[in-house]
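Visitor: 3D, please:
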Amino acid sequence: MRVLHLHSSFSAGGKELRAARLMNAFGPQVEHAVVSAQPGAYGASVVLDPALTVDYPQDFPSLQGRPTPLRLLKLAKAMRGFDLILTYNWGAMDAVLAHRLYGGLLGLSPLVHHEDGFNEDEAAGLKPARNLFRRIALARASALVVPSQRLQAIAREAWHQPASRVRLIVNGINTPAYITPPPPDSVPGLVKQPGEKWVGTLAGLRAVKNLPRLVRAFAALPEDWRLVIVGEGPERETIAAEAEASGVGDRVHLPGFAPDPSRVVGLFDIFALSSDSEQFPISVVEAMAAGVAVASPAVGDVAQMVSGDNRRFVTPAGDEAALSASLIALAADEGLRTSVGAANRACAQAAYDEKTMIRAYRDTYGSALGLAAFP
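Guide: Okay, here's the model as predicted:
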C-alpha cells in the first residue's frame with residue numbers, strides 16, 4: 001500500500017503531528033511519500049517511527065503557483081502510482097483541483113482531503129474566491145475530513161459539500177501518556193524551579209497564533225509566574241520583542257519545539273491560547289489530558305471542548321483584557337486550577353482518546369478504497 005501525502009506544510013504543527021501519529025499507527029505495511037508546499041518544512045518527520053518507509057520526493061511539482069491547465073496536468077501525472085492520495089489544507093488545493101480535472105483520464109487513485117483551519121489570511125473571514133475554488137476542486141474527492149463542528153458547517157454551507165462527503169473526526173491523543181507529571185527538566189533548555197508557576201502553550205510561532213497578545217495578557221501576573229511558549233516558527237523575534245516591551249522579557253521563555261507534548265504540558269499550571277483562528281486544537285486536548293486548566297479565546301470548538309467547569313475561562317475572541325482576566329483569576333487560586341484541571345482530564349479521557357480517532361480515519365480511508373478498513 002503506497003500513500004501520497006500533499007501538505008500545505010509538514011512543519012511540526014498540530015495537523016502535521018496528527019498525520020505523523022496516524023502514519024505510525026498504520027505501521028510498516030504502508031509506504032508513504034510526503035510533499036510540503038513550503039520548501040524544507042518537514043519538522044513533523046522527527047516523530048515518525050524509524051521502521052516506516054517514508055520518502056520525501058524532491059522532484060515532485062510545486063504545490064504552489066498559478067493553476068494553469070499545464071501545471072495542473074503535471075501535478076496530476078505526479079500523483080500516479082499511489083494507492084491513496086491524502087491532501088491537507090488550502091496549500092494543497094491545487095492538487096485537489098488537478099485530481100478533479102485529470103483523475104479520471106489518468107486513472108488516479110481515490111483522494112481524501114483534510115481541512116483543519118485557516119491561516120492569518122482567512123482568520124478574519126473566508127474569501128469568496130477560495131470558497132468557490134474549494135467547491136469546484138472537491139467535487140471528485142472521496143471524502144472531506146474536518147475536526148470541528150464549525151468547519152463541518154463551513155464545508156456544508158460555504159463550500160456546498162454534500163453531507164455524504166464530509167466526515168467530522170475530532171482530534172484524539174494517547175490520553176494515558178499524560179497522566180504522570182513530567183520531571184522539571186523536560187522542556188529543552190529549561191528547568192522548572194521550586195516555587196515557580198508556569199503559564200504555558202504549545203504552538204507554531206505563526207502570526208495566526210497571535211502570541212504577542214498572550215505575552216501582554218500574561219504581563220499582569222505576579223513575579224513568580226513565567227510564560228513558556230513551546231514551539232518554533234517565524235514569529236520568534238516578534239514575540240521576544242513584545243516580551244521586552246511589556247517588561248517581562250526575563251519571565252518569557254521560548255525553548256523551541258518539543259517532539260513529545262506529554263513530556264511538557266504537565267509542567268504547566270495554566271494552559272493558554274491567544275489565537276485569532278483555531279478549529280479543534282490538539283494542544284487543548286493535550287492540556288486537558290494532563291489535568292491543566294485552560295484560558296483561551298472562544299475560537300473554533302474550544303468552548304465545547306473543555307469541561308463545563310473550565311468554560312467560563314473561554315472568553316470572547318479578540319478580547320485581550322478578558323483573556324488576561326482569566327489568567328489572573330486562575331493564577332490567584334490553586335484550588336480552582338486543580339478542580340478545573342481534574343474536570344478537564346476526565347473530559348479528555350472520556351471523549352478524546354486517540355483510539356477512537358484512529359478507528360475513524362481507518363474507516364474513512366478504507367471506504368475511499370472500497371475496503372472494510374485501512375490498511
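
Visitor: Helices of the stretch 251-375 of the chain, residue ranges please.
Guide: Along the stretch 251-375 of the chain, the segments classed as helices by DSSP state H, counting those that start in this stretch run 282-289, 302-305, 320-331, 334-351, 354-369.

Visitor: most tightly surrounded among those helices?
Guide: The highest mean neighbour count among those, using mean count of other C-beta atoms under 10 Å, belongs to helix 282-289: a mean of 28. In short, each C-beta sits where N, CA and C put it, glycine included.

Visitor: Now tabulate the helices of the stretch 251-375 of the chain in CSV and tack on mean pLDDT and distance to residue 73.
Guide: Formatted as CSV, those follow (pLDDT from 0 to 100; distance: least, C-beta to C-beta, whole Å):
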stretch, mean pLDDT, distance to residue 73
helix 282-289, 96, 36
helix 302-305, 96, 41
helix 320-331, 98, 48
helix 334-351, 97, 44
helix 354-369, 95, 23
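
Visitor: quick one, what contacts residue 94?
Guide: By C-beta atoms under 8 Å, 6 or more residues apart in numbering, the contact list for residue 94 reads 63-65, 67, 71-72, 75.

Visitor: Most neighbours among the residues you listed, which one is it?
Guide: Tallying neighbours with other C-beta atoms under 10 Å puts residue 75 at the head of these, with 25 neighbours.

Visitor: how about the helices in the stretch 1-150 of the chain?
Guide: 14-26, 69-78, 93-106, 120-123, 128-137, 149-157.

Visitor: nearest to residue 293, of these?
Guide: Ranking the helices of the stretch 1-150 of the chain by proximity to residue 293 (C-beta to C-beta) places helix 14-26 first, at 20.0 Å.

Visitor: List the neighbours of the closest one that are in contact with it.
Guide: The contact list for helix 14-26, computed with C-beta under 8 Å, 6+ apart, reads 5, 7, 9-10, 30, 32, 43-45, 47-49, 52, 54, 86, 88-89, 114, 116-117, 171, 281-283, 354, 358, 361-362, 374-375.

Visitor: mean confidence score for it?
Guide: Helix 14-26 carries an average pLDDT of 94.

Visitor: Lowest mean pLDDT among the helices and strands of the chain, which one is it?
Guide: Ranking every helix and strand in the chain by mean pLDDT, DSSP states H and E puts helix 120-123 at the bottom, with a mean of 74.

Visitor: That helix: how far from the chain's middle?
Guide: Averaging C-alpha coordinates over helix 120-123 and over its chain gives two centres that are 15 Å apart (C-alpha atoms, centre = their mean, to the nearest Å).

Visitor: just to revisit the earlier point, do you know which of the helices of the stretch 251-375 of the chain lies nearest residue 237?
Guide: helix 320-331 (20.9 Å).

Visitor: Can you spell out which helices and strands pack onto the closest one?
Guide: Helices and strands in packing contact with helix 320-331 are listed as strand 197-202, helix 211-218, strand 270-272, strand 293-297, strand 314-315, helix 334-351; criterion 3 or more C-beta pairs under 8 Å, 6 or more residues apart in numbering; DSSP states H and E.

Visitor: Starting from the third one, tell me which strands it pairs with and how they run.
Guide: Okay, so that is strand 270-272. Taking DSSP bridges as the criterion, strand 270-272 pairs within the sheet with strand 197-202 (parallel), strand 293-297 (parallel).
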